[in-house]
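>>> Would you be able to build a 3D model of this:
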Amino acid sequence: MASISGPENPSPNIYIPPEWSSAAEAVAHGSLTSPPPIVLVCGAKNCGKSTFSRYLLNTLLLRYKKVGYLDTDVGQPEFSPPGFLSLTVVDEVTPDLTIPHMKTAERCLFFGDVSSKRNPTTYLNCISALYDYYRKEYCNSDDSSNIGLPLVVNTPGWVKGIGYDLLVDMLKYISPIHVVKINISAQSKNLPDGAFWLDEDYDGMVNLTEISSARQDSLNRSVLVQKDARLLRDIRLMAYFRQCFSSNLNISTIKELAHALASHPPYEVPISSIKIRHLRCQVPGTEIFYSLNGSIVGLAASSEGPKDLPWCFGLGIVRSIDTLKGLLYVITPVPQGTLEKVDLLLQGFIQIPTSLLQVQGSRSPYMSANVLSSS
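Residues are numbered from 1 along each chain as shown. This is a model prediction of the structure:
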């Protein structure tokens, strides 16, 4: 039976190549690590950026009590569901390097899409806002009690065309002390050699490390398996909404989760208390509730965060809307205390996984049974 925990089996004994270990040690203990290092990891799709970033996090946590993680991959984020850019402060080692883990971000922004292609400007603005927050909170040289926080920046695998330009802009804005570039055997898919993002007259300090993608695990099996990105995103969303329920409950399959969500008491949200913002399209006023019903939304506070980029607290499913009572019914794992700050719903292109809507023997509350025939 289909599982919501992921298609990959945990493999704590994944093989870490010596050059990966050397690169991580150089970042954590090198001569350029005072103040704490800021390191950006980049490379083509499926080269092992996420696995190396997890390993680097673990290596840094052997020296530092906490490490920041700036996730810029909206399609396959590390600690949050798809559609988010986030800054997470990690204080414990990741036991399994093969799978991502849900964590509550210190700050996150709902981009509302799984790719930056549709709105690269907003994407860069989100990254800048999160990095500015990190600098303000953890790199304040005027505060003697602030010893700094190491930062790992994980990047998307889109490194050609506009994706390359976005990566260059990101590198120039963040100006990391360390850059780890992971290369694959298909040379045409790799990033250019050397410090490709720097201008000729740049005289700052940067340590560029180039490593090869990991080929095998401890049993000599290839770890560079082509991944079904859509399936992985759906699994991440289901894992996120699994948090609506106690871990003691036996909810391990898609069918069990679908039944649980269908019967879960939603929050009642007065329509008069919230604003609605459509991130990627314009919706006529008469159609707003139609577009919102049965959708996934970002839960944000309009008064918190940078201009036009409100901090977001998580996701919710708009289960139904009662316009006569003036109520929205929302399912979310966001705690009630945090939810009371929410006054803005952000709608993008993140959708309820189809597998949750098509469970055999279960009638989904998000699908209508009264459909007119097209004939």
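
>>> Buried residues of the strand or helix carrying residue 319, list them for me.
Remark: residue 319 resides in strand 312-322, with elements defined by DSSP states H and E. Neighbour counts over strand 312-322 (16 or more other C-beta atoms under 10 Å) mark 312-319, 321 as buried. To be clear about C-beta, it is placed using only N, CA and C from the backbone, and glycine gets the same treatment.

>>> For it, the averaged confidence score.
What strand 312-322 shows for mean pLDDT is 94.

>>> One more: stretch 61-77?
Stretch 61-77 comes out at a mean pLDDT of 94.

>>> Can you give me the end-to-end span of that stretch?
20 Å (C-alpha to C-alpha, to the nearest Å).

>>> now swap in stretch 266-275 and tell me
19 Å.

>>> now swap in stretch 155-164 and tell me
With C-alpha to C-alpha, one end of stretch 155-164 sits 11 Å from the other.

>>> Could you tell me how far that stretch lies from the centre of the chain?
16 Å (C-alpha atoms, centre = their mean, to the nearest Å).

>>> circling back: strand partners (parallel or antiparallel) of the strand holding residue 319?
Paired strands of strand 312-322, with direction, are strand 296-300 (antiparallel), strand 327-331 (antiparallel) (DSSP bridges).

>>> which residues are in contact with the first one?
Translated: strand 296-300. Residues from elsewhere that reach strand 296-300, judged by C-beta atoms under 8 Å, 6 or more residues apart in numbering: 83, 110, 112, 237, 310-318, 330, 332, 334, 339, 342, 344-348, 350-352.

>>> Now restrict those residues to buried residues only.
By 16+ other C-beta under 10 Å, those give 83, 110, 112, 237, 310-318, 330, 332, 334, 339, 342, 344-348, 350, 352 as buried.

>>> Next, format the strands paired with strand 312-322 as JSON lines and append distance to residue 148.
As requested, the strands paired with strand 312-322 are exported to JSON lines (distance: least, C-beta to C-beta, whole Å):
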{"stretch": "strand 296-300", "distance to residue 148": "29"}
{"stretch": "strand 327-331", "distance to residue 148": "39"}
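
>>> most tightly surrounded among these?
strand 296-300 (a mean of 26; mean count of other C-beta atoms under 10 Å).

>>> how far is it from where the chain is centred?
14 Å.

>>> How about stretch 311-320?
15 Å.

>>> cool, and stretch 74-94?
On C-alpha atoms, centre = their mean, the centre of stretch 74-94 falls 4 Å from the chain's centre.

>>> Can you show me the strands along the chain?
Remark: strands assigned in the chain by DSSP state E are 38-43, 67-71, 84-90, 107-110, 151-154, 178-183, 207-212, 267-270, 275-278, 296-300, 312-322, 327-331, 344-347.

>>> out of the ones you listed, nearest to residue 290?
Of all the strands of the chain, strand 312-322 sits nearest to residue 290, with 8.9 Å by C-beta to C-beta.

>>> so what pLDDT did residue 252 get?
In this model, residue 252 carries a pLDDT of 87.

>>> Could you pull out the helices in the stretch 1-150 of the chain for me?
18-29, 49-61, 120-138 (DSSP state H, counting those that start in this stretch).

>>> Give me the residue ranges of the stretch 1-150 of the chain where confidence is low.
1-13, 31-34, 141-147 (pLDDT under 70).

>>> Mind doing that once more with 50?
6-11, 32-33 (pLDDT under 50).

>>> Report the beta-bridge partner residues of the residue lying closest to residue 351 once chain neighbours are set aside.
Counting by C-beta to C-beta, 6 or more residues apart in numbering, the nearest residue to residue 351 once its immediate chain neighbours are dropped is residue 296, at 6.3 Å. Beta-bridge pairing for residue 296 (DSSP bridges): residue 317.
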